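In: Give me a 3D structure for the following:
(2 chains)
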Amino acid sequence: MSILIDENTHVLVQGITGRDGSFHTRQMVADGTKIVAGVTPKKGGQDLDGIPIYNSVAESMQKHKVDATVIFVPPPFANAAVREAADAGVPLIVCITEHVPVNEMLSTYHYVKSKGSRMIGPNCPGLISPGKSKIGIMPARITRPGAIGVISRSGTLTYEVVYALSEEGMGQSTCIGIGGDPIVGSGYIDLLELFENDPETSAVVVIGEIGGEDEEAAADYIRNSMTKPVAAFISGRTAPPGRRMGHAGAIISGGKGTPEAKVKAFEDAGVPVADKPDEIPALLRARLS
Amino acid sequence: MNVQEYQGKELFKSYGIPVQDQVVVTRASDAREAARKLGGFVVVKAQVLVGGRGKAGGVKLAKTPEEAEQRASDILKLTIKGIPVEKVLIVPAAEIRKEYYLSLTMDRTSKSLILIVSAEGGVDIEELAVNEPEKIKRIPVSIDTGVDAASITPQLKEVFGTDELAAEALDTVEKLFKLYTEKDCSLLEINPYAIVDDGHLMALDSKVNFDDNALFKHEDIQKLKNPEEDSADEAVAKEAGLSFVSMDGDIGCMVNGAGLAMATMDIIKLYGGEPANFLDVGGSSNPDKVVTAMQIITGNPKVKSILINIFGGITRCDDIANGLLTAMKRIDIQVPMVVRLIGTNEVEGRKILTDAGFEVASGLSEAVEKVVKIA
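Out: Sure, this is the predicted structure:
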């Protein structure tokens, strides 16, 4: 098993005809993903390498069974694309688009929840269950099937950690980039819970960064609810403090959000924190033996 | 994007939030005339995009127009946290009876807008948040349904004491919400929100931040941009769609992805080096971005070596490689470079660079070790 996606997941691509959308659709197909259809308004009836294109998500779902959609549309249209997918009842919505207006996304977040769909992203690399399916833009070549779950707020840093794991022979059950925006559809805790309940996952890596307090909350969750070993990496430990920040941010975080606070929260929860991505395999191996 | 106090107050005013009359000047001699118009007894306030200006001597009282000119002259000579003061705001000196704190922002943990109110406004609000958090009220506000007057009013009454003041505060809160959602703000802060001599509440300061992702929707807000918000390099970088922050070290960095860029800096420090900058070339593939990035990095005379760390996902290694070759043709790069290229279209990208005589690494630790050694 894996979480969220596997070899039976039927995937739709919104924004399939754009430069990034078409390129990564071909990559996903090459990596074994079952892409059943694409959507680009006004291009219904065309196809991309034989993948049929429709004008809307609803139209594509009349013809195909769709379990998940991946969104590559430009930022001004990304919120509408997510809502369209939720309206059509797509269970899993993965939004790759970055620079999405945040206030609109806050509203979209609640809308998607009310429709019963799960969203990953925005501003994320998507997810991959190696050897089974990939939704998004992660380079599949660096992954290998196995038992480590990976959850990350960063895109490329995820690849770095996955690469280090694969090099050490530690394959992955599922790797997920949750996205770096202030509002994301699924957080660490949502996914830690799925990994905890996935019989094929034996350990989890959490990759965080400075800002916010999601890592602290994840550490609390791990201490209270996880039986599987977890290791972490935090980026930005040497970053200079931000320039002018409103008082409101400081008030909400109340001293949390610093790299020191995050490292301490993880260590207090029994989660070792690596100094470099390539130290993670050894930390996990020590916990697993 | 942040704007100056006076710009924020103009926005407040256009939404009907009570603010004082104000005049902004760039020359001390204009401060005298401004003070005369405003009644003679005024406050002169430095307009800079950093906090702590009061403690740095950037806010002064003046009893006469002559004194206002002198104070303005003094303040216009100041540099606050590295930023030279180029504008001062002149406002009437208000008799402040009580200072409150009021702000609207987003709380990412509870996935809601949040109204923050305290009866103890003023400069020490951050200390209050740490030491006496119970004195600060945090009230969730739905971005979809807005301010719920029925549930918020009793809480405002607790803070402001009387029905009249609570009603005034509610009116301001409703207008803040309108401004926040219509202009895609990320923070609206009034500190102090004060009762002045006429017994009414007024915004005596403003802090307004906008969501950069939504600026494309608001031409009026784009025009408020203060060039001094970014260093010259940072402005060029932003124009090109790059995320850049200059730092004090001597190792120039070009990385894709903010998380990996930060981690790369962390690892440079771990190996005893000092990064000269944070530079995220972004997600999408565009060779022109690489050229601009290299121009910015090599324009810094402190840079002794350059690390290019690309882990291709949506970014394609061959695009980065082509951009790098174009950059080499356009700019005379005098310092040694270490290129680490891996991920999407890695084989194509490496071939382009090795054919051109570059040395390409695949391990991050290995690449960092190399670049620190040659710096």
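In: The residue in the stretch 101-250 of chain B that chain A sits nearest to and B:Thr181, how far apart?
Out: Distances from the stretch 101-250 of chain B to chain A, computed as CB to the nearest CB, single out B:Ala214 as the nearest residue at 3.7 Å. The C-beta positions use only the backbone N, C-alpha and C, and glycine is treated the same way. As defined by CB to CB, to the nearest Å, B:Ala214 lies at a distance of 11 Å from B:Thr181.
In: Those residues of the stretch 51-200 of chain A touching chain B, which are they?
Out: Counting by CB under 8 Å from any CB of the partner chain, the residues of the stretch 51-200 of chain A close to chain B are A:75-76, A:96, A:98-104, A:106-107, A:109-110, A:125, A:137-139, A:141-142, A:152-160, A:163, A:180, A:182-183.
In: among those, which ones are buried?
Out: By neighbour count, with 16 or more other CB atoms under 10 Å in any protein chain shown, those hold A:75-76, A:96, A:98-104, A:106-107, A:109, A:125, A:137-139, A:142, A:152-160, A:163, A:180, A:182-183 as buried.
In: taking these one by one, which sit in helices?
Out: Here DSSP state H is the test, and these give A:75-76, A:102-104, A:106-107, A:109, A:156-160, A:163 as lying in helices.
In: Quick check: which element contains the residue lying closest to A:Ala37 once chain neighbours are set aside?
Out: Of all residues beyond its chain neighbours, the one nearest A:Ala37 is A:Ser60 (4.3 Å), with distances taken as CB to CB, 6 or more residues apart in numbering or on different chains. In this structure, A:Ser60 sits in helix A:57-63 according to DSSP states H and E.
In: Quick one: name whatever helix or strand follows that helix.
Out: Stepping forward along the backbone from helix A:57-63, the first helix or strand reached (DSSP H and E) is strand A:68-71.
In: That next one pairs with which strands, and in what direction?
Out: strand A:10-14 (parallel), strand A:92-95 (parallel) (DSSP bridges).
In: Other residues contacting that strand?
Out: A:4-5, A:9-15, A:28, A:57, A:78, A:81-82, A:85, A:90-97, A:121-122, A:126, A:135-136 (CB atoms under 8 Å, 6 or more residues apart in numbering or on different chains).
In: Residue in chain B with the shortest distance to chain A?
Out: Residue nearest to chain A within chain B: B:Gly259 (2.3 Å; CB to the nearest CB).
In: For burial, what's the neighbour tally of that residue?
Out: 27 (other CB atoms under 10 Å in any protein chain shown).
In: ok, now which ones touch it?
Out: Shown in contact with B:Gly259 (CB under 8 Å, 6+ apart): A:Ser152, A:Arg153, A:Ser154, A:Gly155, A:Thr156, A:Leu157, A:Thr158, A:Gly180, A:Ile207, A:Glu209, A:Ser235, A:Gly236.
In: Apply 7 Å and report the result again.
Out: Contact criterion CB atoms under 7 Å, 6 or more residues apart in numbering or on different chains gives A:Arg153, A:Ser154, A:Gly155, A:Thr156, A:Leu157, A:Gly180, A:Glu209, A:Ser235 as the residues in contact with B:Gly259.
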